[in-house]
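> structure for this input, please:
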Amino acid sequence: MEEVRGLTKKILDYRLENNGEGKGYNHIMMQIFGYMGNGKSSLINSLMSIVKEERYRTLAPVATGHEKNGALTTHRTSYPLTDTITLVDNRGFGPMDSYEEQEIYAQLANILPLNEKVIWEKSFMDTVIKVQGSVENRKDLLVPLYIYSAEQGCSSKPNDIKTFLQNCQKMTGILPIIVLTKSTSSKLAGVCKQFQDMGMESIIAIENYIPENNIRTPGKDTKLLSVLTEALRLVDFRIQTLSDPEADHNERMKLLLSLANEREIEKVREEERKKIDEELQMKKQKKWYFW
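Just a heads-up that it's a prediction; the model follows:
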């Protein structure tokens with residue numbers, strides 16, 4: 001238990017002003033994101049219980065993986081862990097099409113308000129309006145935590161996930177920490193290798209506490225706390241290269257608009273391809289009719 005107490009104390013005592021005076025940043029937002037039902041909310045419940053030394057409670061509603069349209073987490077909900085660290089349960093995604101992906105970037109960029117429902121937007125102008133109205137939370141330092149269940153197995157589209165995670169790094173300045181839940185799964189080794197092949201450096205396998213199994217053990221506590229200590233290690237490294245909150249925020253907004261514009265261009269191209277396919281189909285049908 002000494003190791004658990006030591007890690008907990010390090011997290012509770014951490015202050016940005018103790019590290020290069022924080023360079024204008026005054027808060028750390030642990031941006032927790034990933035597919036629905038993969039353990040985002042369970043991770044938050046586990047960490048809140050351990051760090052605050054409280055009896056396990058279901059603070060963040062836990063999804064089963066069978067819910068539709070964003071699982072139980074339809075809001076971007078914040079959970080203050082310490083005076084310096086807040087855990088943010090971002091809306092989970094399902095098919096992760098271009099629209100969902102854009103909203104995930106908007107959540108990571110910290111322009112969507114906390115504790116309000118997240119609605120997938122459909123146009124480039126929607127993103128522009130959000131960017132123009134984003135004035136809050138500019139002094140938050142963002143740390144991306146990508147939650148993925150090992151039980152899900154290797155992804156069938158690793159290149160898409162790799163590109164997505166690289167964009168997350170550009171958005172926050174930190175290469176996402178990969179948190180693999182269901183660490184006892186026989187698929188864990190293959191999933192770890194796939195993320196390593198994507199170039200991910202911080203990969204941590206854990207077992208969350210859940211309502212049906214919340215009896216704490218030193219081993220589980222240590223692994224779960226290592227997610228936070230690794231995040232703080234990356235913060236220590238990141239803060240040495242930061243300029244100031246305003247410049248950091250502006251760079252995120254430029255990237256977000258660029259990604260949204262790319263999505264809009266692809267949308268137009270897809271509509272054009274669909275129109276051409278429909279015209280060709282109609283020509284074939286007419287040819288068959290006259291024949």
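
> was I right to think Asn90 contacts Phe33?
Yes: the pair Asn90 and Phe33 qualifies as a contact (C-beta atoms under 8 Å) at a distance of 4.4 Å. For glycine as for every other residue, the C-beta is placed from the backbone atoms N, C-alpha and C.

> quick check: which ranges of the stretch 151-291 of the chain have low pLDDT?
Along the stretch 151-291 of the chain, segments meeting pLDDT under 70 span 243, 284-291.

> let me fix that: the stretch 1-150 of the chain
Applying pLDDT under 70 to the stretch 1-150 of the chain flags the ranges 18-23, 63-74, 95-100, 112-137.

> helices along that one, start to end?
Secondary structure of the stretch 1-150 of the chain (DSSP state H, counting those that start in this stretch): helices at 2-13, 40-51, 98-108, 124-132.

> so what's the residue count around Thr222?
Around Thr222 sit 17 other residues, with neighbours defined as other C-beta atoms under 10 Å.

> let me know the secondary structure of it.
In terms of secondary structure, Thr222 is helix; the call rests on DSSP: H, G, I helix; E, B strand; the rest coil.

> the longest helix anywhere in the chain - contacts with which helices or strands?
In the chain, ranked by residue count with DSSP state H as the criterion, the top helix is helix 245-290. Other elements packing on helix 245-290 under the criterion 3 or more C-beta pairs under 8 Å, 6 or more residues apart in numbering; DSSP states H and E are helix 98-108, helix 124-132, helix 158-172.

> how far out from the middle of the chain is the longest one?
Taking the mean C-alpha point of helix 158-172 and that of its whole chain, the gap between them comes to 11 Å (C-alpha atoms, centre = their mean, to the nearest Å).

> and it with helix 98-108, angle?
30 degrees (axes from the mean of the first three to the mean of the last three C-alpha atoms, to 10 degrees).

> so how far is the helix or strand that helix 158-172 is followed by off the chain centroid?
Toward the C-terminus, helix 158-172 is succeeded by strand 177-181 as the next helix or strand (DSSP states H and E). Distance of strand 177-181 from the chain centroid (C-alpha atoms, centre = their mean) equals 11 Å.

> between helix 158-172 and the helix or strand that strand 177-181 is followed by, find me the angle.
The C-terminal neighbour of strand 177-181 among helices and strands, as given by DSSP H and E, is helix 188-197. What separates the directions of helix 188-197 and helix 158-172 is an angle of 60 degrees, with the same axes, to 10 degrees.

> burial check on Thr184, number of neighbours?
Look at Thr184: counted by other C-beta under 10 Å, it has 9 neighbours.

> got the CA coordinates for stretch 36-56 in PDB?
C-alpha atoms of stretch 36-56 as PDB (Å, rounded to 0.1, in the frame of the first residue of the first chain):
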ATOM      1  CA  MET A  36     -18.700   3.800 -26.600                       C
ATOM      2  CA  GLY A  37     -18.700   1.000 -24.000                       C
ATOM      3  CA  ASN A  38     -14.900   0.700 -23.900                       C
ATOM      4  CA  GLY A  39     -14.500   1.800 -20.300                       C
ATOM      5  CA  LYS A  40     -14.100   5.600 -20.300                       C
ATOM      6  CA  SER A  41     -16.700   6.200 -17.500                       C
ATOM      7  CA  SER A  42     -15.500   3.200 -15.500                       C
ATOM      8  CA  LEU A  43     -11.900   4.600 -15.600                       C
ATOM      9  CA  ILE A  44     -13.200   7.900 -14.200                       C
ATOM     10  CA  ASN A  45     -15.200   6.200 -11.400                       C
ATOM     11  CA  SER A  46     -12.100   4.100 -10.500                       C
ATOM     12  CA  LEU A  47      -9.700   7.100 -10.400                       C
ATOM     13  CA  MET A  48     -12.100   9.300  -8.400                       C
ATOM     14  CA  SER A  49     -12.500   6.500  -5.800                       C
ATOM     15  CA  ILE A  50      -8.700   5.900  -5.400                       C
ATOM     16  CA  VAL A  51      -7.400   9.400  -5.400                       C
ATOM     17  CA  LYS A  52     -10.200  10.800  -3.200                       C
ATOM     18  CA  GLU A  53     -10.000   7.700  -0.900                       C
ATOM     19  CA  GLU A  54     -13.700   7.300  -1.100                       C
ATOM     20  CA  ARG A  55     -16.000   4.300  -1.300                       C
ATOM     21  CA  TYR A  56     -16.600   3.300  -4.900                       C
END
